[in-house]
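[1] give me the fold of what follows.
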Amino acid sequence: MTVSSIRILNIIHDTTVDGPGFRTSIYCAGCRHACPGCHNPESWNPHGGHDASIDDLMQEIVSDPFAHVTFSGGDPMFQAEGFLELCRRIKAETDKTVWCFTGFTWERIFADGTSAMQELAKIVDVIVDGPFVQDLRDTDLLFCGSSNQRLIDVPRTLREGRVVLWERKM
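    Numbering: from 1, shown residues only. Below is the predicted model:
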């Protein structure tokens, strides 16, 4: 199935808060997790924002040769087919890394997620998984908001057959 567009709220260029280095962050519309204390509750509405074509998103991404890419939201897993198609294009046409924030845990994606969710999880470089939990909020954490969330190194996780956390390389 080919998806021609993704429902997005915003694209932020050269952000440094959604992963290492400069990133082009695509904030999507729609999230059913509704985490209390969410920093972006306006992203919950799946009808918010506007449709953006995969081609237009690719033009935004390649327009910055230095920035890598982050999918955030909302929750990109609720539009997994579109983000999977976009990620496949990014991987085929650039050397950029892709991070994906989701309120689903790695285990839940592979236990009862859709095949598109599973394929998206396998193709990105890092998944920041788990819902935001206000009681576990920690402002000292790198690239996540609560201590239950994990930065998963996807290639190593797939190679080793167990969750391997991403390590910052200096």
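
[2] and the longest strand seen in the chain, what does it pack against?
    Ranked by residue count and defined by DSSP state E, the top strand of the chain is strand 5-15. Packed against strand 5-15 by the contact rule (3 or more Cβ pairs under 8 Å, 6 or more residues apart in numbering; DSSP states H and E) you find strand 23-28, strand 50-53, helix 54-62, helix 80-93. From N, CA and C alone the C-beta is placed, and that goes for glycine too.

[3] before we move on, what SS does the residue nearest the centre of the chain have?
    What sits nearest the mean C-alpha location of the chain, by Cα atoms, centre = their mean, is residue 100, with 1.9 Å. The assignment at residue 100 comes out as strand when based on DSSP: H, G, I helix; E, B strand; the rest coil.

[4] please shift the residue numbers so they start at 24 in all later answers.
    Shifting the count to begin at 24 puts that one at residue 123.

[5] is it in contact with residue 149, as I believe?
    Yes - because the distance of 7.4 Å satisfies Cβ atoms under 8 Å, residue 123 is recorded as touching residue 149.
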